[in-house]
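Undergrad: Pasting a predicted model and its sequence here:
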Amino acid sequence: MTKGAARTFRAFAFELMIYGLLVTGYFFLVLNLLGEWLRQVEVQHRYLYAGLTILLIVGQAVVLESLTTFLIRLLRGRSE
Amino acid sequence: MFFPISGAHISPIYLVIVGFVIGILGGFFGVGGSFIAGPALRLVGLDWNFAVGTDLAHIVGKSVVAAKRHRALGNVDLRLGLIMALGTIAGAEAGAQLIQALKRAGNVNLVVSVVAIVVYLSISTFMLWESRKTLKSEKRQLPQGKVKGSIAKKDKSAFRPVTRAIQRLKIWPMIALPTSGVKAISLWMILLVAFVGGLFGGFLGGGAGYIRMPSMVYVLGIPTHLAVGTDLFEIVISASYGTFSHAVKGNVDILIALVMHTGAAIGAQIGAISTQYFAGPKIRLAFVPLPLIGAAIVIYTLFTGHKL
């Protein structure tokens, strides 16, 4: 393995570790709190639930994309 | 972990790993990965209706990430993507109606399975032939070992004469796609490609990126990198429509989709960045096994009667 590849691999492993910790916290805090409420909405207000599914998945996508981009820049400088 | 909406018990680590793998495939090839996600969710006991709807919701999130990354790399043709979204939605509705008609006729499983096998095998065979032929002709023309950097984005295809003939068809209205380097093409050709992609998506399930991405390259003449990025952008719109429709019918467990997406978010970034290091024909050659996996799953289901 070349020096550059080893450095990239280390940075990636570190990035995965930070990301893993954040995601674990996210599971236990956000999903546990949201779960029951979303189930109620899904049963009682189907159209509201359908709108919320799009908002939640797009919102999470934008936040996580910003987070991973930030982590990549933090660990590898602004070379990406 | 218990997911109250679908009532399923699924390990979140399993969901994150599945999301990660599909994220890499999506970022690199511009496909939704439903041919893997559907069976992977079914494998852990999720009902088919939830597997299909939840997979679509997850595709929306994953495609937002990958499309944003591709846009930053200059790989998204917004005009083409918006036009294609219209054709895809119409095609998806037609595909769903076709399924309903076959359900009424009572032979939906056999017909869909046979069509899926034929389509998947045809795409793989054609792309294997074309990309190998293009790579061979490039080898004869280029000095050895020069595939990275600027050369990686130049896109040659052994199918180019047919693509040019299609672009010469003057069916009004003709439009230009400057981002994709297409001077003039009939709007109807774009809508037709999108409609056929949507039709297969509605008929066989998922986003049908396995048919739309190659069609954009071979029929419309879009460079592979742009086809991947634009397909992802278009998937965001059409999969959002599909997710809303399935959620109204009670087929989406958004909590499962959110967990899967945490893995897909990082996988999609890795996949999208990796496209920079491969030339178009190499991406197309690497694409060949994907429809074969889909065909293998359908053949298994057809002959054993078990759903994966």
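TA: Received it, and whenever you're ready, just let me know what you need. Computed from a prediction, not measured in an experiment: that's the story for all the values here.

Undergrad: count of residues packed around residue 21?
TA: All of this is about chain A. Burial measure for A:Leu21: 10 neighbouring residues, criterion other Cβ atoms under 10 Å in any protein chain shown. In short, each C-beta sits where N, CA and C put it, glycine included.

Undergrad: not what I meant, chain B
TA: 17.

Undergrad: does it count as helix, strand or coil?
TA: Secondary structure, DSSP: H, G, I helix; E, B strand; the rest coil: B:Val21 is helix.

Undergrad: list the helices and strands the longest helix seen in chain B packs on?
TA: When chain B is parsed with DSSP state H, its longest helix is helix B:108-141. When contacts are defined as 3 or more Cβ pairs under 8 Å, 6 or more residues apart in numbering or on different chains; DSSP states H and E, helix B:108-141 sits against helix B:78-105, helix B:187-204, helix B:209-218, helix B:280-287, helix B:289-304.

Undergrad: Compile those helices into JSON lines and extend it with columns for mean pLDDT.
TA: Rendered in JSON lines, the data for the helices and strands packed on helix B:108-141 read as follows (pLDDT from 0 to 100):
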{"stretch": "helix B:78-105", "mean pLDDT": "87"}
{"stretch": "helix B:187-204", "mean pLDDT": "88"}
{"stretch": "helix B:209-218", "mean pLDDT": "84"}
{"stretch": "helix B:280-287", "mean pLDDT": "80"}
{"stretch": "helix B:289-304", "mean pLDDT": "80"}
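
Undergrad: Quick one, which of these gets closest to chain A.
TA: Of all the helices and strands packed on helix B:108-141, it is helix B:78-105 that lies closest to chain A, at 14.7 Å by Cβ to the nearest Cβ.

Undergrad: Run the chain-centre distance for that closest one.
TA: Averaging C-alpha positions (Cα atoms, centre = their mean, to the nearest Å) puts helix B:78-105 14 Å from its chain's average.

Undergrad: what angle separates that helix from helix B:209-218?
TA: Computed with axes from the mean of the first three to the mean of the last three Cα atoms, to 10 degrees, the direction of helix B:78-105 lies at 140 degrees from that of helix B:209-218.

Undergrad: when you scan helix B:78-105, is anything in it near chain A?
TA: No - if you take Cβ under 8 Å from any Cβ of the partner chain as the test, helix B:78-105 misses chain A, and the best it gets is 14.7 Å.

Undergrad: Summarise which helices and strands that helix is packed against.
TA: Using 3+ Cβ pairs under 8 Å, 6+ apart, helix B:78-105 sits against helix B:108-141, strand B:174-177, helix B:187-204, helix B:224-248.

Undergrad: mind listing what's buried in the longest one?
TA: Which is helix B:108-141. Neighbour counts using 16 or more other Cβ atoms under 10 Å in any protein chain shown place B:108, B:112-113, B:116-117, B:119-120, B:123-124, B:126-128, B:130-131, B:134-135, B:138 of helix B:108-141 among the buried residues.

Undergrad: Please name the nearest non-neighbouring residue to the residue nearest the centre of chain A.
TA: Among the residues of chain A, A:Leu64 comes closest to the average C-alpha position under Cα atoms, centre = their mean, at 3.9 Å. Of all residues beyond its chain neighbours, the one nearest A:Leu64 is B:Ala265 (3.9 Å), with distances taken as Cβ to Cβ, 6 or more residues apart in numbering or on different chains.

Undergrad: Angles on the backbone of the one you found, please.
TA: Per-residue torsions, B:Ala265: phi -60, psi -40 (degrees, to the nearest 10).

Undergrad: do the same with B:Lys249
TA: phi -80, psi 0.

Undergrad: count of residues packed around it?
TA: Each residue near B:Lys249 was counted by other Cβ under 10 Å, and the total is 12.

Undergrad: how close does it sit to B:Tyr300?
TA: Using Cβ to Cβ, to the nearest Å, one gets 27 Å for the distance from B:Lys249 to B:Tyr300.

Undergrad: Equivalent analysis for B:Leu102, please.
TA: Using Cβ to Cβ, one obtains 21 Å as the distance from B:Leu102 to B:Tyr300.

Undergrad: what does B:Asn109 give?
TA: 13 Å.

Undergrad: Mind listing what's buried along stretch B:230-245?
TA: Neighbour counts using 16+ other Cβ under 10 Å place B:230-245 of stretch B:230-245 among the buried residues.

Undergrad: quick one: it near chain A?
TA: Yes - with Cβ under 8 Å from any Cβ as the criterion, chain A is reached by stretch B:230-245 at B:240, B:243-245.

Undergrad: now the host helix or strand of B:Ala272: how far from the chain's centre is it?
TA: When elements are defined using DSSP states H and E, B:Ala272 is found to belong to helix B:254-274. Its chain's average C-alpha position is 15 Å from that of helix B:254-274, according to Cα atoms, centre = their mean.

Undergrad: Give the other helices and strands that the longest helix seen in chain A contacts.
TA: Ranked by residue count, the top helix of chain A under DSSP H comes out as helix A:46-76. Helix A:46-76 sits against helix A:3-26, helix A:32-44, helix B:48-72, helix B:224-248, helix B:254-274, with contacts defined as 3+ Cβ pairs under 8 Å, 6+ apart.

Undergrad: quick revisit: quick check: mean pLDDT across the longest helix of chain B?
TA: Per-residue pLDDT values over helix B:108-141 give a mean of 82.

Undergrad: the inter-axis angle of it versus helix B:187-204?
TA: For helix B:108-141 against helix B:187-204, the angle by the same axes, to 10 degrees is 130 degrees.

Undergrad: What residues does chain B have near chain A?
TA: Going by Cβ under 8 Å from any Cβ, the residues of chain B near chain A are B:1, B:3-5, B:12, B:16, B:57-58, B:60-62, B:64-65, B:68-69, B:240, B:243-245, B:247-248, B:250, B:252, B:254-255, B:257-259, B:261-262, B:265-266, B:269, B:273.

Undergrad: so where's chain A shaky on pLDDT?
TA: A:1-12, A:72, A:75-80 (pLDDT under 70).

Undergrad: again, only using 80
TA: For chain A, the stretches with pLDDT under 80 are A:1-32, A:65, A:67-80.
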